[in-house]
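Visitor: build me a model from this:
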Amino acid sequence: MPAEEFEEGFVGDGRKKHLTVVTSDGRRHEHGEVYLKHSVDAFVVSPDFEFPDDDSHRYAKADLLRAEIKQHHSACFVTTAAAGEGPTLDALRGFRDGAMTPTATGRALVAVYERVSPPIATTIAEHPDSRTARTVQWLVERCATLARRREAQSGLARRALSVLLTLLYVVGVALALAGHLLIRVRERVE
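Guide: Next up, the predicted model:
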């Protein structure tokens, strides 16, 4: 099926996912780090965002026993790399979804984060004992504490904590990016 035919009637969010499908004959197919589009009748997966013919797979939904789609926690790359999964990730995801994404400024900040954070997360995961990883982990933990405290507040206190968390979000991303770049420059020089 030509790639341009995928566009009509197919939707996707442009984020990489892991797809496991089990076909009606019992065969299991794993697709990691792929883009996914779907329609009422089918899934289309490809490691390439453009979904080229030679690198895309199509699965008719009627031919599947099961499809399981996993995504990297709504693009919480740096938080997951620094603190893992659990209450910290949940608190910060809740702040992002409840306080940042409802506003235009918050959505813009989240969009920047989603663009720059995958390589930062990789660097943190590869260098967990670096000053950058330790600093980001400390900041992430403090922000999660503030996010939980914010949930228990109302009125002016809640708004003040929202502003503080948003500022710390910007500072944290800037520090993580600077540390990431410094580590990568050092690697190239050595």
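Visitor: domain ranges for the chain?
Guide: 3-71, 74-189 (automatic domain parsing).
Visitor: which of those domains has the lowest average pLDDT?
Guide: Ranked by mean pLDDT, the domains of the chain bottom out at domain 3-71, which scores a mean of 82.
Visitor: off-centre distance for the longest helix along the chain?
Guide: Longest helix of the chain, by residue count under DSSP state H: helix 155-189. From the chain centre to the centre of helix 155-189 is a distance of 16 Å (CA atoms, centre = their mean, to the nearest Å).
Visitor: against which helices or strands is it packed?
Guide: helix 77-83, helix 104-126, helix 131-151 (3 or more CB pairs under 8 Å, 6 or more residues apart in numbering; DSSP states H and E). Any C-beta I mention is one placed from the backbone N, CA and C, and that applies to glycine too.
Visitor: about what we covered before: now mean neighbour count too, for the domains of the chain, in CSV please.
Guide: Listed next are the domains of the chain as CSV, based on neighbours: other CB atoms under 10 Å:
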stretch, mean neighbour count
domain 3-71, 14
domain 74-189, 16
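Visitor: export the helices and strands packed on helix 155-189 to CSV and append columns for distance to Arg15.
Guide: Shown next, in CSV, are the helices and strands packed on helix 155-189 (distance: least, CB to CB, whole Å):
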stretch, distance to Arg15
helix 77-83, 11
helix 104-126, 8
helix 131-151, 21
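Visitor: of all those helices, which lies closest to His38?
Guide: Among the helices and strands packed on helix 155-189, helix 104-126 comes nearest to His38, with 21.0 Å by CB to CB.
Visitor: which strands or helices does the longest strand anywhere in the chain pack on?
Guide: Criterion DSSP state E: the longest strand present in the chain is strand 28-38. Contacts defined by 3+ CB pairs under 8 Å, 6+ apart place strand 28-38 against strand 17-23, strand 42-46, strand 57-60.
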